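*Asks:* Any chance you can model this:
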Amino acid sequence: MEITLKLYGNLKRYAPDKKEDARVAIDPATTIRALLLQLGVPDAQVWMSAVNDTVVEDSTALNEGDIVEVFEPIGGGDA
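*Replies:* Prediction:
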């Protein structure tokens, strides 16, 4: 099955062809965590994941046609 994967910021270096948006073939019931492990994305570089515009846990199983967005931690300025 296929999903659309969007890795933002520095995470796009782990995407196929190093592009922010990619179509990715995965096995049925693959979780976000399993997908990111396959791509070599370190846990510490992931802040939040969303599927079809809804924030989800990394244990969420993916379905055909899902749009998966993965965001890196964002640093801020001084308080």
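*Asks:* and the one residue sitting closest to the centre of the chain, what element?
*Replies:* Central residue of the chain (Cα atoms, centre = their mean): residue 70, 3.7 Å from the mean position. Residue 70 belongs to strand 67-71 when assigned by DSSP states H and E.
*Asks:* where in the protein is pLDDT low?
*Replies:* The model of the chain has pLDDT under 70 over residues 75-79.
*Asks:* how many neighbours does residue 16 have?
*Replies:* Burial measure for residue 16: 12 neighbouring residues, criterion other Cβ atoms under 10 Å. Every C-beta, even on glycine, is put in place using the N, C-alpha and C of the backbone.
*Asks:* Next up, phi/psi of it, please.
*Replies:* phi -60, psi 130 (degrees, to the nearest 10).
*Asks:* Tell me the spacing between it and residue 69.
*Replies:* Residue 16 is 16 Å from residue 69, where distance means Cβ to Cβ, to the nearest Å.
*Asks:* can you map out the helices along this protein?
*Replies:* Counting by DSSP state H, the chain has helices at residues 32-39.
*Asks:* so who does residue 62 touch?
*Replies:* 3, 26, 29, 30, 31, 32, 35, 51, 68 (Cβ atoms under 8 Å, 6 or more residues apart in numbering).
*Asks:* thinking again about what came up before, what's opposite the residue nearest to the centre of the chain in the beta bridge?
*Replies:* Judged by DSSP bridges, the bridge partners of residue 70 are residue 7, residue 49.
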